[in-house]
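fold the following for me, if possible:
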Amino acid sequence: MGSRRRPIVALVAAAFASLVALTGTVVAQSENRELIDGLEYQLLYVALPLTLFVLVILVYAAIKFHDNDDPEPTTEDPSLEITWTVATAIILLFVGLSGYSVLVNPYVSPSQALESDNRSQEGFESFGDLPDTGDEEVHVTGYQWEWQADYPGANVTTENEIVIPADENITLWLTSDDVIHSLFVSELGIKQDAFPGRYTRARTIVSEPGRYNAVCAEFCGAGHSRMKTDVVVVESETYDQWLEANEGNVTEAPEPN
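Residues are numbered from 1 along each chain as shown. The predicted model follows:
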């Protein structure tokens, strides 16, 4: 094999290995994560053959014409141009429809419920004014540089720990006491901004009890990198017992089963 061909073949092999590695199956722990991962895999399964096709054509052209001292322009081919234009349009349409189906899902864009009912998120003056969602609700307040969670049904408060029950629809209402913050739980596919004077909604259902790391994803000052919390998911029975035992207190989260 010529010295010029080796880097090209190595590039194709590396690209193929990287793309295949990306298709590895990871069990989603929440409805949000499952939706996002499903979209990524759909797009990847389309992108993978297209990428390999382009690489094969690139390698073919590089090998066949690398020593052409008298190159000529490609002849016009209307049929070919129409074909790749239509193919590109179909791919973009598929990407758009796939992305739209996920973006309008109530677990990914839960705040649309407020907008569809013509209720501005800026029209509420406190957590008590928020509409009933029918979910288990937790009120989360961000401030420099911590998170506080309040559980309105039992008047329980936790700091830098957000406790939710497994296998139940959960609504996290978020706001901020000072600047813009953003609650980001990568493993659960949750990311929602918290604005001063506004109330935003994150919605999820988590299948696996455990501790999940959460961070602030919006630069909020000198302590931004330290603004971390744990989302603690416990069995529903454990959650109810914990709320009942700590009513009216600032307390710590129970350990997941």
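
which residues touch stretch 89-107?
Contacts with stretch 89-107, where a contact means CB atoms under 8 Å, 6 or more residues apart in numbering, come from 31-32, 35-36, 38-39, 42-43, 46, 50, 108-109, 112-113, 203-205. For every residue, glycine as well, the C-beta is placed using N, CA and C.

which of those fall within helices?
31-32, 35-36, 38-39, 42-43, 46, 50, 112-113 (DSSP state H).

need the buried ones from those residues selected in PyMOL.
If you want just the buried ones from the ones in helices among the contacts of stretch 89-107 in PyMOL, going by 16 or more other CB atoms under 10 Å, the selection is:
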select buried, resi 31+32+35+36+39+42
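
of all the ones in helices among the contacts of stretch 89-107, which two lie farthest apart?
Spanning the widest gap among the ones in helices among the contacts of stretch 89-107 are L50 and A113, at 36.8 Å by CB to CB.

in the protein, which residue is most central in space?
G189 (4.0 Å; CA atoms, centre = their mean).

distance check, that one against D240.
26 Å (CB to CB, to the nearest Å).

over to L39?
Taking CB to CB, one finds L39 at 34 Å from D240.

give me the domain ranges for the protein.
Residue ranges for each domain of the chain read 5-65+79-103, 126-245, as given by automatic domain parsing.

lowest mean pLDDT across those, which one is that?
The minimum mean pLDDT among those belongs to domain 5-65+79-103 (a mean of 80).

and the residue nearest to C216 when sequence neighbours are not counted, what does it touch?
Leaving aside its chain neighbours, C216 sits nearest to M227 (3.9 Å; criterion: CB to CB, 6 or more residues apart in numbering). Listed by CB under 8 Å, 6+ apart, the contact partners of M227 are 142, 144-147, 181, 215-216, 220.
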